[in-house]
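Undergrad: sequence-free structure coming up:
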């Protein structure tokens, strides 16, 4: 019995010595001392513990990473925790400000206050010892900055998202965003005064998905301006673009939106919107050309598109020739919608092909006819369009041999049959008395 009491006493003595730190090194305690953010601190959760109960032991951040006890406590702990430890001190980066969303470790740097030159930004980014060089976002907005963006600006840092809007930046130099070539996904340079953008630089950021250059002074899009597989959104509205070279967008394979509204386009030339290998995976390409000065569209302007919403409102189109829209309908198998209202469209024989076929008419909005008192096409009878003849076409909707080329083309709606009398035996009307009429039918 005495031996049993001796063994028990020895056990408690050793336990006391370990607890008091007198029985040799304690690796758990040493680890906590080295990493103070691992300390446990008693804390009451007022939402889960009734008044009067002993507080539970929640994990509390002391300068390191948070580890909330339960999902519902994440928001509360993020608010109460001062920092994720990945921002430098305020004095090092003033007037910029660094913040960190602790539950995602997203470090954001905002230099919108107190900055007048990009050299100031360069000094801060290149001379400050950031705990991490991979930051989530950089913001510079509403400043008087009027410098060129260069590669040297960023120092050792890279970003996933760059906002540099509402400034006076005139140029974007070669390789300007190369430091973020492996991380940059969204680039916003809107509301500046950019006249020159080195388009090949886009290829240096292969994960870029959004490029926004709206409200600048870009005059022209060169050949093969976009050869970038990842881009999904190209925002170029409110520039002064007067021309688009052939194959300007040919290299895009995943693009879902191209916005060129509010520019100075007068024509859409052949292959301006030709795509080599566009794979939308169930999405429809939205191409916005509204509020330009477009008065003609070349027959092969849109090539390689399988699903399209084409916005052409508020331009100067006077006609909607079949050769100018029929090919797109065929190529997309009817997955196309043309928005052409608010153009000075003359509803005559040039639009009879739309009115004559219900399948085709569903590909257009209910546009107004300028020569018929702005009555919408849906309220116009075929006879109101004039004594129209529609020339025969091949099975693919194209003109048969001997017919000349016409500016402005649209894809066909499958097969056709012809009739030759004013009224068929089934009671349907032709567009003219004894002329040959092509009727486009569903397959």
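TA: Looks like it arrived, so ask away. Computed from a predicted model, the values in this text were never measured in an experiment. Numbering: from 1, shown residues only.
Undergrad: quick check, residue 201 in a strand?
TA: No - looking at residue 201 with DSSP: H, G, I helix; E, B strand; the rest coil, it is helix, so not inside a strand.
Undergrad: now for it: which residues touch it?
TA: Going by Cβ atoms under 8 Å, 6 or more residues apart in numbering, residue 201 touches 172, 174-178. C-beta here means a position set from N, CA and C on the backbone, and glycine is covered the same way.
Undergrad: pick the one among these closest to residue 292.
TA: Taking Cβ to Cβ as the measure, residue 292 lies nearest residue 172 of the contacts of residue 201, at 23.9 Å.
Undergrad: which pLDDT value belongs to the closest one?
TA: Here, the pLDDT recorded for residue 172 equals 94.
Undergrad: just give the number of residues close to it.
TA: The tally of other residues near residue 172 (other Cβ atoms under 10 Å) stands at 24.
Undergrad: repeat that for residue 203.
TA: Using other Cβ under 10 Å: residue 203 sits among 14 other residues.
Undergrad: relative to residue 226, how far out is it?
TA: From residue 203 across to residue 226, the span is 9 Å (Cβ to Cβ, to the nearest Å).
Undergrad: ok, now residue 164?
TA: Separation of residue 164 from residue 226 (Cβ to Cβ): 20 Å.
Undergrad: comparing the two, which shows the higher neighbour count?
TA: Higher neighbour count among residue 164 and residue 226: residue 164, with 26 against 20, using other Cβ under 10 Å.
Undergrad: nearest residue to the more buried one in space, please, no chain neighbours.
TA: Computed as Cβ to Cβ, 6 or more residues apart in numbering, the closest residue to residue 164 that is not its neighbour in sequence is residue 140, at 4.8 Å.
Undergrad: residues in contact with that neighbour?
TA: Contacts of residue 140 by Cβ under 8 Å, 6+ apart are 110-112, 115, 121, 163-164, 167.
Undergrad: go again with 10 Å.
TA: Listed by Cβ atoms under 10 Å, 6 or more residues apart in numbering, the contact set of residue 140 reads 96, 109-112, 115, 118, 121, 149, 153, 162-167, 169.
Undergrad: residue 212 now?
TA: 163, 165, 186-191, 233-237, 259 are the contacts of residue 212 under Cβ under 10 Å, 6+ apart.
Undergrad: I'd like to know how far it sits from residue 256.
TA: Using Cβ to Cβ, residue 212 is found at 14 Å from residue 256.
Undergrad: same thing with residue 230?
TA: 12 Å.
Undergrad: equivalent analysis for residue 236, please.
TA: Taking Cβ to Cβ as the measure, residue 236 falls 15 Å from residue 256.
Undergrad: all strands of the stretch 301-443 of the chain, in order?
TA: 302-303, 308-311, 336-339, 368-369, 375-376, 416-419, 437-440 (DSSP state E, counting those that start in this stretch).
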